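Trainee: Please work out how this folds:
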Amino acid sequence: MPAILRTAADVAYRLGLGPRPSDTPDHRLVEVVDEAKSPGRALDLGCGTGRNARYLARRGWGATGVDMSGEALRVAAEKATADQLEVLFVRGDVTRLGELGIGDGYRLVMDGGCYHMVPPARRNAYADGVTRAAAPGALLIMVGFGRHLGLGIDPDELVTRFTGWDLIAADRVPGEQMATYVSGPAPLRALLRRGAFRPMRYQLCRR
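Mentor: Sure thing, here's the model as predicted:
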């Protein structure tokens, strides 16, 4: 993980630049957890300040969050401590999961807006790492924008890259939901409410 990317991410969080996670967990994640017969291990990729990881821990899941920003993870850890939640937060590159010592056997993997920003040249590494970390039958929930300037996600790409997985759902994320996932700035939240950037939520199941 290049130092310049870590530094840029930390500066963005400190200054409040760009989108930052709120404390609202992903709506589909909440539904999945409510439907689960029992908790297990869960992995939150690009966890930011831990909105999804903390929700998972609150519901009894063994949650691990990974992010490149030490500042975001500091905030996440403080919030978890304040709520008396046990969450493992790891600073690292989501395209190099095998180097982070987070183990495997995860039944649930959440990506609330990380993969769609991964450079195309690193996306196979992301998919390989997630596949190794996930247990058979694991569910991957991925939220991201449509294709813009070489980034974003399209379903055909997911089918090609995530071998050993089945794409089981692809749905547009309502603008009002997207706006609740971001704590600032206000102009961006307004754009999200209007459905800007074509936000989608994908669900994949590991065979």
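Trainee: longest single strand anywhere in the protein?
Mentor: What stands out as the longest strand in the chain, according to DSSP state E, is strand 134-144.
Trainee: now the strands for the chain?
Mentor: 41-45, 62-67, 87-91, 106-111, 134-144, 165-172, 200-206.
Trainee: Give the buried residues for the longest strand of the chain.
Mentor: 134, 138, 139, 140, 141, 142, 143, 144 (16 or more other CB atoms under 10 Å). In this view, the C-beta of every residue, glycine as well, is placed from N, C-alpha and C.
Trainee: Adding pLDDT and distance to residue 165 as columns, could you present those residues in CSV?
Mentor: Formatted as CSV, these follow (pLDDT from 0 to 100; distance: CB to CB, whole Å):
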residue, pLDDT, distance to residue 165
134, 98, 8
138, 98, 9
139, 98, 10
140, 98, 7
141, 98, 12
142, 98, 11
143, 96, 16
144, 93, 16
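Trainee: how close does residue 44 get to residue 119?
Mentor: 21 Å (CB to CB, to the nearest Å).
Trainee: try residue 107
Mentor: 28 Å.
Trainee: mind listing the helices for the chain?
Mentor: In the chain, the helices defined using DSSP state H lie at 3-15, 27-35, 51-58, 70-82, 123-133, 155-161, 175-180, 186-193.
Trainee: Low-confidence ranges, the protein, go.
Mentor: 1-20, 149-150 (pLDDT under 70).
Trainee: thinking again about what came up before, neighbour count winner among residue 107 and residue 119?
Mentor: More neighbours surround residue 107 than the other of residue 107 and residue 119, with 20 against 10 (other CB atoms under 10 Å).
Trainee: What is the burial count for the closest residue to that one other than its chain neighbours?
Mentor: Nearest residue to residue 107, sequence neighbours excluded (CB to CB, 6 or more residues apart in numbering): residue 40, at 3.8 Å. Residues lying near residue 40 (other CB under 10 Å) number 16.
Trainee: Please shift the residue numbers so they start at 193 in all later answers.
Mentor: In the new count, where the first residue is 193, that last one comes out as residue 232.
Trainee: so what's residue 232 up against?
Mentor: 253, 254, 297, 298, 299, 300, 327 (CB atoms under 8 Å, 6 or more residues apart in numbering).
Trainee: Ok, residue 363 next?
Mentor: 392, 393.
Trainee: Could you rerun that using 6 Å?
Mentor: Contacts for residue 363 were tallied using CB atoms under 6 Å, 6 or more residues apart in numbering; they are residue 393.
Trainee: Quick check: beta-bridge partners of it?
Mentor: For residue 363, the beta-bridge partners under DSSP bridges are residue 393.
Trainee: how close does it sit to residue 234?
Mentor: Look at residue 363 and residue 234: by CB to CB, they are 21 Å apart.
Trainee: Then residue 367?
Mentor: 27 Å.
Trainee: The two: which is more packed in?
Mentor: residue 234 (28 against 17).
Trainee: In this structure that one contacts residue 303, no?
Mentor: No - applying CB atoms under 6 Å as the test, residue 234 and residue 303 come out as separate, 11.7 Å apart.
Trainee: Not counting its neighbours along the chain, what's nearest residue 388?
Mentor: Nearest one to residue 388, counting by CB to CB, 6+ apart, is residue 367 at 7.9 Å.
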